[in-house]
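In: Return atomic coordinates for the entry below.
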Amino acid sequence: MDIEFNKNEDNMRLMISEVKQRMDVIKLGGGKKGIEKLHSQGKMTARERVDYLLDKPEDFVEIGGFVGDGMYPEYGGCPSGGVVIGMGHVSERLCVIVANDATVKAGAWFPITGKKNLRAQEIAMENRIPIIYLVDSAGIFLPLQDDIFSDKEHFGRIFRNNAKMSAMGITQISAVMGSCVAGGAYLPIMSDEALIVNKTGTIFLAGSYLVKSAIGENIDNETLGGAKTHSEVSGVIDYKVDSDAEALDTIKKIIDKIGQAEQACFNRKDAAEPKLDPKEIYGIIPVGRDKPYDMKEVILRLVDHSDFDEYKAEFGKTIICGYARIDGWSVGIVANQRKVVKSGKKEMQFGGVIYTDSADKATHFIMNCNQKKIPLIFMHDVSGFMVGSKSENEGIIKDGAKMVNAMANSIVPKFTIVVGNSYGAGNYAMCGKAYDPRLMIAWPTAKIAVMSGAAAANTLLQIQVATLKAKGQTITPEEEHKLLTEITERYTKQTSPYHAAAHLRIDMIIDPLETRKVISTGIEAASHAPIRKPYITGVIRA
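Out: Below is the predicted model:
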């Protein structure tokens, strides 16, 4: 191993360590005192409930762990959006699990909480897999009600999705394990089956204080909407249980009895580990985001047997396309290339730029994968499409549009891994979040923005300096340098994978070594949703 490899490896290990350390803090939710309070009430925490429910907690694929990170500081923050969601096996059936974290503002819904809950339902709907809600929430966080209550993608969309999923035949099970109030009370009752934990679970449209204020009735919360009321009198609840553990055991039994779902029949054979050591990825990815490396070497350390069948290897070299298997699943891979290639006496660095020939190659490959019902994996390290008169004359916009059209209309499941840069229209063409990847994954080395930090900062600096000069103000070189530093720091923070994850623009930040597990779980989920329609693209210019 050379010195550069060792530097890269050390850098990657430090970045992975930061991911884990930050996640360890997030997993504490509202803090140790909040956890102790739940335990004193005989309740489990959200994460303890999820672990108890799962067949293998270590295989849980958490979605949106970093959601809310750094947001709402004026309200004490909202770790993980106040809710834990992800995919895991319950009684050998892959399910989506949603668990309110009552240590975070009593499980109240912030705006980002709503977005995260909708993401969980989206995953269940597009993959047609069961969804389990572990309810323990005080409802909408009132100081921010205007940003969570009344719009299309707000709180009410949850119950619309409950109804839609029911019509689609997607199993929904709810366990009321704490508070379930106001509009939130509809979620368990719009599920197929609902449970409540005696003495700790309550359901009502309005609590005792509001009832007293509204109609003058004196009543306590337990009598108003406790387990006895809803299991013996109202009939709202299907199962009354005496503890969190009994509730979770009951859910396991219900899931165990569900009939087999129709399968999409994606090709899968016996899984095999890569022949090349996946840990070597740490040393391959460079420290600097502008340095070259061979993406094919990364791919070979992710796929079964390190066996990769490259498509049009000698054409359109700024994008790599090819077939492989991940954990046994057949996949088509579209990846940006940053390798330095010698051409005669010249060295050409591809730098992750998409040229006309590479866009044309990727378009054809994407269409082939759709024709053969092979899931697609997009691996980003892209600066964008090539600019300049030569590229414009060659029709770069037209060829880029072909690629976007073929990708956007794909009927096979798509998965996106942001390895390095993901800038501008390159993000779009490589199946960015706007194009509905089943999962959007980032490695710690990811950068997501319109353009690189340096390019953006210099552009913004020029605009601000010109604005100041137009107002008759002068700016010294020292002031200009200070302004550039401020702009660069602000923009660099926005390109961070943590910023994207906090706003749920990516689903997760993972160690590269977890990639195979996450992709395999994603394809397993997608295999529950048969492809019903033919692959048809829109108008493509010749």
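
In: Can you point out the buried residues in stretch 260-268?
Out: Buried residues in stretch 260-268, counted by 16 or more other CB atoms under 10 Å: Ala261, Ala264, Phe266, Arg268. Glycine gets a C-beta too; all of them are placed from N, C-alpha and C.

In: can you pull out the helices in the stretch 251-400 of the chain?
Out: 281-284, 295-300, 356-371, 389-394, 396-408 (DSSP state H, counting those that start in this stretch).

In: Counting by contacts, list what the first one packs against.
Out: By that I understand helix 281-284. With contacts defined as 3 or more CB pairs under 8 Å, 6 or more residues apart in numbering; DSSP states H and E, helix 281-284 has these neighbours: helix 3-26, helix 295-300.

In: Which pLDDT value belongs to Leu376?
Out: On pLDDT, Leu376 comes in at 98.

In: Make sure it is actually in contact with Met367.
Out: No: with contact defined as CB atoms under 8 Å, Leu376 does not reach Met367; the gap is 10.8 Å.

In: neighbour-wise, which of the two wins?
Out: Neighbour count, other CB atoms under 10 Å: between Leu376 and Met367, Leu376 has more, with 23 against 19.

In: Low-confidence stretches in this structure?
Out: Low-confidence segments of the chain (pLDDT under 70): 1, 340-351, 393-395, 453.

In: In a markdown table: the helices of the stretch 251-400 of the chain, plus distance to Ile35.
Out: Formatted as a markdown table, the helices of the stretch 251-400 of the chain follow (distance: least, CB to CB, whole Å):
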| stretch | distance to Ile35 |
| --- | --- |
| helix 281-284 | 34 |
| helix 295-300 | 39 |
| helix 356-371 | 46 |
| helix 389-394 | 56 |
| helix 396-408 | 44 |
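
In: And these: which comes nearest Ile189?
Out: Nearest to Ile189 among the helices of the stretch 251-400 of the chain is helix 396-408 (37.3 Å), distances taken as CB to CB.

In: Check which helices and strands that closest one sits against.
Out: Using 3+ CB pairs under 8 Å, 6+ apart: helix 396-408 touches helix 356-371, strand 384-385, helix 424-429.

In: now it: how far from the chain's centre is it?
Out: 24 Å (CA atoms, centre = their mean, to the nearest Å).

In: same check, this time on stretch 175-184
Out: For stretch 175-184, the distance to the chain centre is 26 Å (CA atoms, centre = their mean).

In: Show residues contacting it.
Out: 43-44, 49, 100, 102, 106-107, 109, 132-140, 155-156, 159, 187-188, 194-197, 200-207, 237, 244, 247-248, 250-251 (CB atoms under 8 Å, 6 or more residues apart in numbering).

In: what do you get for stretch 61-76?
Out: 22-23, 26, 77-82, 84-88, 105, 110, 112-113, 115-116, 119-120, 123, 141, 143-144, 439, 498-499, 501-504, 507-509, 517-518, 521-522.

In: buried set for that stretch?
Out: So, applying 16+ other CB under 10 Å, buried residues of stretch 61-76: Val61, Glu62, Ile63, Gly64, Gly65, Phe66, Val67, Gly68, Asp69, Met71, Tyr72.

In: just stretch 282-289 next, same as before
Out: Tyr282, Gly283, Ile284, Ile285, Pro286, Arg289.

In: start to end distance for that stretch?
Out: 14 Å (CA to CA, to the nearest Å).

In: Could you check how far that stretch is from the centre of its chain?
Out: 23 Å.

In: what does stretch 362-371 give?
Out: Worked out by CA atoms, centre = their mean, stretch 362-371 lies 24 Å from the chain centre.
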